[in-house]
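**Q** Build the 3D model from these lines:
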Amino acid sequence: MNIFSYSPFGYEGSLVTVEVDLRRGIPAVDIVGLADGAVKESRERMRSAIRNSGFEFPLERVLISLSPADLKKEGAGFDLPLALAVLDAQKRADSTEDFPDSSVLVMGELELSGQLRAVRGVHGAAATAMAAGINMCIVSSANADEAREVPGMKVFAADNLRNAFEALYREELFVRGSTSDETSQLPEGAVNIGGVYFPKIEREKDFIDIIGQGRLVRALQIAAAGGHNLLAYGPPGCGKTLALQRFSSILPLLTLQEAQSVTRIHSLAGLLAPHMSLMRVSPFRMPHQSASLEGMCGGGINCRPGEISLAHNGTLFLDEAAEFRSSTLQMLRVPLESGSITLSRAGRTTVYPARFQLLMAANPCPCGNYGVPGRLCLCSARSVEMYWKKFSGPLLDRVDIRIPVVSQEEGESVSSEELRKKIAVAVLVQRTRQGKKNVHLSPQEILDFCPLDAASSAFLEGESNRRDFSQRAVSGCLKLARTIADLEGEKDIKLEHLKEAVSFRQDSGPLTVLEM
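**A** As a prediction, the model looks like this:
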């Protein structure tokens, strides 16, 4: 039996071959292969777990080799593979029968009693094993559901060391669990609207609580339908944060392909709940303004994912965005464009997916009263300018929707359920037409899917010259107009769609954002 484990590093990680040699000598356990402190401590946990599970620990000198030898091995997930490798070597030494020469991935932390605990990174480990041709794995019951979601993987869910050892030679006990059906693993209460699935609406996150603010709600509906980035700015207490926090209630559930990568990232971060399989609900991350650059990008010894990767295929909401460090805001530019982030640590490099939708809320100035009728702004022109300089031109150029918000005490409300109906139409059209959201259209796809008539072309050219739009800004207007047309069920972009798109697109200077 060939036993493999997994050493997580970044998004990929590496498979580790576990080999055991029993030889004459003073009884001891030696581990070679760049094992860290947690792996070396496995010797004592493994010894106690084996004895407390009713097995005899070998009375010989035990040499455990973890290869490749130049790769550092970290984490408590090596407990179970080391124990099974020792028991397997002992059984082979005491028997003359033939044993199956198959390969199995093993991950799990052992208690002294022999019971198993969950470990992080199981979904990524199973995916890496499948890519290497290993289609069986033994993990704890708490990790089994996420492992089964890797297509083709056969999983044995073990509660303790004895269960795991009994399954080691019986392939019929392994269960294949993944399915390609888009309706599989839907969360409880999922709603089907025209073939597009949405999560159950939580009462405290329903747009019905937003009084008035029709233009802001409309902007959020467009952003949800097409995946466009959005900046809402206005005085304190005007409702911008309240509305943006409800954004997740109008987002459709993730497709199976999207859910696979999201589940893998959250498993690597140790954020996947026990017994959870696929994360079908779109992530919504809301980091604090004090978040460090490493906390946003990711990093650390094992290159764990940061906030932008945890928001992959979901939403990154920066409340009081101007209070974030300037370096943190500028760091967002590259992943917003590329959909990924490259991290380098200790001579190794990993690439995390980071295709997120950016929502930002900000006050108009440090005191919050700039340009608000009836309120006195206490900020100097210099302080207001420095406040908005954090939003550099290149960053704002990647934000298609910029909307001022004012306080409204009266007006109509619309529920999240009503907003979803048009969003479902737009999402289904985009999936059928190009297989992705409009915000991700390439330059060639913009030409193919966003044609304009003569009047619309003339209007866009005039606005582009008047406002000195960049090429990215022009593309953003076209993609935004395409989304608006999809929301209205129109096949072609009309002039009114383009005018609405341009109205959401403000110039990218520090003060003109406020003045227009």
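
**Q** can you pull out the helices in the stretch 251-400 of the chain?
**A** When secondary structure is read from DSSP state H, counting those that start in this stretch, the stretch 251-400 of the chain shows helices at 256-268, 293-297, 307-310, 326-331, 333-338, 381-389, 393-396.

**Q** nearest to residue 99, of the ones you listed?
**A** Nearest to residue 99 among those is helix 256-268 (31.4 Å), distances taken as Cβ to Cβ. All C-beta atoms are positioned from the backbone trio N, CA, C, and that covers glycine.

**Q** Quick check: which of the helices of the stretch 251-400 of the chain is buried the most?
**A** When these are scored by mean count of other Cβ atoms under 10 Å, the highest mean neighbour count falls to helix 307-310 (a mean of 26).

**Q** what's the closest non-adjacent residue to residue 76?
**A** residue 109 (4.1 Å; Cβ to Cβ, 6 or more residues apart in numbering).

**Q** Walk me through the domains of this structure.
**A** 2-176, 191-515 (automatic domain parsing).

**Q** can you list those in CSV and add mean pLDDT and distance to residue 185?
**A** Listed next are the domains of the chain as CSV, based on pLDDT from 0 to 100; distance: least, Cβ to Cβ, whole Å:
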stretch, mean pLDDT, distance to residue 185
domain 2-176, 93, 7
domain 191-515, 90, 4
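
**Q** among the helices of the stretch 251-400 of the chain, which is nearest residue 281?
**A** Nearest of these (Cβ to Cβ): helix 256-268, 9.0 Å.

**Q** got the CA positions of that closest one in CSV?
**A** Output of helix 256-268 as CSV, limited to C-alpha atoms (Å, rounded to 0.1, in the frame of the first residue of the first chain):
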residue,chain,number,x,y,z
LEU,A,256,-20.4,24.0,-9.3
GLN,A,257,-17.2,25.1,-11.0
GLU,A,258,-17.1,28.4,-9.0
ALA,A,259,-18.0,26.6,-5.8
GLN,A,260,-15.0,24.1,-6.2
SER,A,261,-12.4,26.9,-6.1
VAL,A,262,-14.2,28.8,-3.3
THR,A,263,-14.4,25.7,-1.2
ARG,A,264,-10.7,24.9,-1.8
ILE,A,265,-9.6,28.4,-0.7
HIS,A,266,-11.8,28.3,2.5
SER,A,267,-10.6,24.8,3.3
LEU,A,268,-6.9,25.9,3.1
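
**Q** which outside residues touch that helix?
**A** Helix 256-268 has contacts (Cβ atoms under 8 Å, 6 or more residues apart in numbering) with 8, 11, 13, 120-124, 127, 146, 149-150, 180, 182, 184-185, 254, 272, 277-280, 283, 304-305, 309-310, 312-314, 352-353.

**Q** One more pass at 7 Å, please.
**A** 8, 120-124, 127, 146, 149, 180, 182, 254, 272, 278-280, 283, 304-305, 309-310, 312-313, 353 (Cβ atoms under 7 Å, 6 or more residues apart in numbering).

**Q** Over to stretch 140-148?
**A** 108, 116-119, 122-123, 126, 137, 139, 153, 155, 157-159, 177-178, 263, 267, 272, 274-277.

**Q** Among those residues, the buried ones, what's the PyMOL command?
**A** The following PyMOL line selects those of the contacts of stretch 140-148 that are buried, judged by 16 or more other Cβ atoms under 10 Å:
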select buried, resi 108+116+117+118+119+122+123+126+137+139+153+155+157+158+177+178+263+267+272+276+277
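
**Q** List the ones among the contacts of stretch 140-148 that fall in helices.
**A** Of the contacts of stretch 140-148, the ones assigned to helices by DSSP state H are 122-123, 126, 263, 267.

**Q** would JSON lines of these with distance to residue 470 be doable?
**A** Converted to JSON lines, these look like this (distance: Cβ to Cβ, whole Å):
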{"residue": "122", "distance to residue 470": "44"}
{"residue": "123", "distance to residue 470": "40"}
{"residue": "126", "distance to residue 470": "44"}
{"residue": "263", "distance to residue 470": "37"}
{"residue": "267", "distance to residue 470": "39"}
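
**Q** Residue 64: which of those is nearest?
**A** Nearest member of the ones in helices among the contacts of stretch 140-148 to residue 64, counting by Cβ to Cβ, is residue 122, at 21.6 Å.

**Q** Nearest residue to that closest one in space, ignoring adjacent ones along the chain?
**A** residue 143 (4.2 Å).

**Q** Show me the contacts of stretch 140-148 that map onto strands.
**A** In this view, the contacts of stretch 140-148 that belong to strands under DSSP state E are 116-117, 137, 139, 155, 157-158.

**Q** could those residues be laid out in a markdown table, adding distance to residue 86?
**A** As requested, the ones in strands among the contacts of stretch 140-148 are exported to a markdown table (distance: Cβ to Cβ, whole Å):
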| residue | distance to residue 86 |
| --- | --- |
| 116 | 16 |
| 117 | 19 |
| 137 | 19 |
| 139 | 19 |
| 155 | 23 |
| 157 | 22 |
| 158 | 16 |
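
**Q** Show me which of those residues is closest to residue 221.
**A** Nearest member of those to residue 221, counting by Cβ to Cβ, is residue 155, at 40.7 Å.

**Q** give me every residue that touches that closest one.
**A** Counted by Cβ under 7 Å, 6+ apart, residue 155 has contacts 137, 139, 144, 147-148, 174-175, 177.

**Q** Next, work out how far apart residue 197 and residue 203 are.
**A** 20 Å (Cβ to Cβ, to the nearest Å).

**Q** which one of those two has more residues nearby?
**A** residue 197 (19 against 8; other Cβ atoms under 10 Å).

**Q** check contacts around the more buried one.
**A** Residue 197 neighbours (Cβ under 7 Å, 6+ apart): 186, 190-191, 252-253.

**Q** And the strands in the stretch 301-450 of the chain?
**A** 304-305, 315-318, 340-345, 348-353, 357-362, 401-404 (DSSP state E, counting those that start in this stretch).

**Q** could those be laid out in TSV, adding mean neighbour count and distance to residue 421?
**A** Shown next, in TSV, are those (neighbours: other Cβ atoms under 10 Å; distance: least, Cβ to Cβ, whole Å):
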stretch	mean neighbour count	distance to residue 421
strand 304-305	24	34
strand 315-318	24	20
strand 340-345	17	33
strand 348-353	18	30
strand 357-362	24	20
strand 401-404	22	21
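
**Q** Residue 190 and residue 253 touch, don't they?
**A** Yes - taking Cβ atoms under 7 Å as the definition, residue 190 is a contact partner of residue 253 at 6.4 Å.

**Q** Find residues that contact each of these two.
**A** Common neighbours of residue 190 and residue 253 (Cβ under 7 Å, 6+ apart) are 197-199.

**Q** out of these, who's nearest residue 80?
**A** residue 199 (34.7 Å).

**Q** Could I get the contacting residues of the closest one?
**A** Residue 199 neighbours (Cβ under 7 Å, 6+ apart): 187, 190, 253, 281.
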